[in-house]
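Participant: Next comes the sequence, and after it the predicted model I'd like to discuss.
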Amino acid sequence: MTDRLFILGPISAKPYGFPDSRWIRMPGESPAAVAEADRSERSWMLAEPTATLPAPATAKSASPHLVALEPVAPHRLPLLHHLFKSVIAGAELLELNDLLEVVDSPKRRDLFIGGTVDPDDQALVLYRGDFTSLLVPFAWFESRPVAGPPDWARFQVTDFGQTLRMGNYEAATDAILYDFDPIFRREEKMRLLQQDDSFGASLRRLRLQRGLRRGDFPPLSAKEVARIERGEVRKPHRHTLLTLANRLGVEPDAIAEY
Amino acid sequence: MPYELPLPSRVRAQGWKVKIRDKERLEPPHATVLKRMESWRWDLRTRSFMDASPDPREVPEDVVETIMDNYAGLCSQWDKMYPENPVDGEHGDD
């Protein structure tokens, strides 16, 4: 985990595992221990929702993220937003141990740890494992033949953040990210291209590996190279293959091996 | 309502699940194998895993065999849930 986490919740919550993390429980810890934890790179604090919170010694950008497991009084929210890098409060969350595993995972950005349903604005705010949020309108979750419409009153995050459940309706996290996060979509596209074993995909991989642009293959035009990469040219002409291979520094037959 | 394929108790106890959820990515018809934070998509048209990563070899043989044994049932569930994109619709053109 790269960020520290401050959890507001019942102090009796006993997360298991995470042996290399330092757990601070408030009230109960000495002010010195709390101050030490605040400076540590990896410490997770757990405090009762009503605990008096110490002002962190660090700047807000270096302060922990806060996740509230239980409702927080509205008058405390401005203070929490002032003290913490980000605040997730009033959300439906993953079970605590699952949540901690997700925020500790390298895949945390692609998994949801919770969400807040806003029926007035017909929108769902989803929280990712890196504590960023994503807004998804209800309209995206259209009624399905078997499940019918989602039941927003029964919203849950499940499967370690890979699935959203709304009563009888389940939606895949990657389906949401694919539609609402351009970075995720780009990465998925790159991954698919990596898996594509067509001649065009091999040519593209090798060209990028060589740091060349499509216009770097005269007398072939960039448009022509793009058509080959997209598989629109079934069988490139021998001269075309030679031009490509010469510029790429390989034998014509070797292009497909990349 | 999502469909969850019943799995042998040993792999179920290890946290393995096979699901078709109500809102999946627009892809060829598939079932999703889930375990904790990982997932593998299994293409119902080609009867094989769709993605090279995570490595499909991580999925236990019991899970793959159960999918194969229940292939017709999975296809029928998919067709009920996604009548606009049936398994027999566009063989491998996606």
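Facilitator: Perfect, I can see it now.
Participant: Enumerate the residues of chain A near chain B.
Facilitator: Counting by Cβ under 8 Å from any Cβ of the partner chain, the residues of chain A close to chain B are A:101-102, A:105, A:107, A:111, A:141, A:144-147, A:159-163, A:168-172, A:174-175, A:178, A:191, A:194-195. C-beta: built from backbone N, CA, C; applies to glycine.
Participant: What's the end-to-end length of stretch A:47-66?
Facilitator: 10 Å (Cα to Cα, to the nearest Å).
Participant: if I look at A:Asn168, how far off is A:Gln156?
Facilitator: In this view, A:Asn168 and A:Gln156 are 12 Å apart by Cβ to Cβ, to the nearest Å.
Participant: Select only the buried ones of the residues of chain A next to chain B in PyMOL?
Facilitator: In PyMOL syntax, the buried subset of those is picked out as below (16 or more other Cβ atoms under 10 Å in any protein chain shown):
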select buried, chain A and resi 101+102+105+111+141+144+146+147+159+160+161+162+163+168+169+170+171+172+174+175+178
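Participant: Can you name the helix or strand that the residue lying closest to A:Trp152 once chain neighbours are set aside falls in?
Facilitator: In this structure, A:Trp152 finds its nearest non-sequential neighbour in A:Val117, 4.9 Å apart by Cβ to Cβ, 6 or more residues apart in numbering or on different chains. When elements are assigned from DSSP states H and E, A:Val117 belongs to strand A:112-118.
Participant: Check what pLDDT B:Asp51 gets.
Facilitator: If you check B:Asp51, the pLDDT there is 85.
Participant: ok, it touching B:Arg41?
Facilitator: Yes - with contact defined as Cβ atoms under 8 Å, B:Asp51 and B:Arg41 form a contacting pair (5.9 Å).
Participant: Quick check: which helices or strands does the particular helix or strand that has A:His239 in it pack against?
Facilitator: Assigning secondary structure by DSSP H and E places A:His239 in helix A:238-248. Contact partners of helix A:238-248 among helices and strands, from 3 or more Cβ pairs under 8 Å, 6 or more residues apart in numbering or on different chains; DSSP states H and E: helix A:199-209, helix A:222-229.
Participant: right, so of the ones you listed, which gets closest to B:Leu34?
Facilitator: Among the helices and strands packed on helix A:238-248, the nearest to B:Leu34 by Cβ to Cβ is helix A:199-209 (28.4 Å).
Participant: State the distance from B:Met50 to A:Gly114.
Facilitator: B:Met50 is 28 Å from A:Gly114, where distance means Cβ to Cβ.
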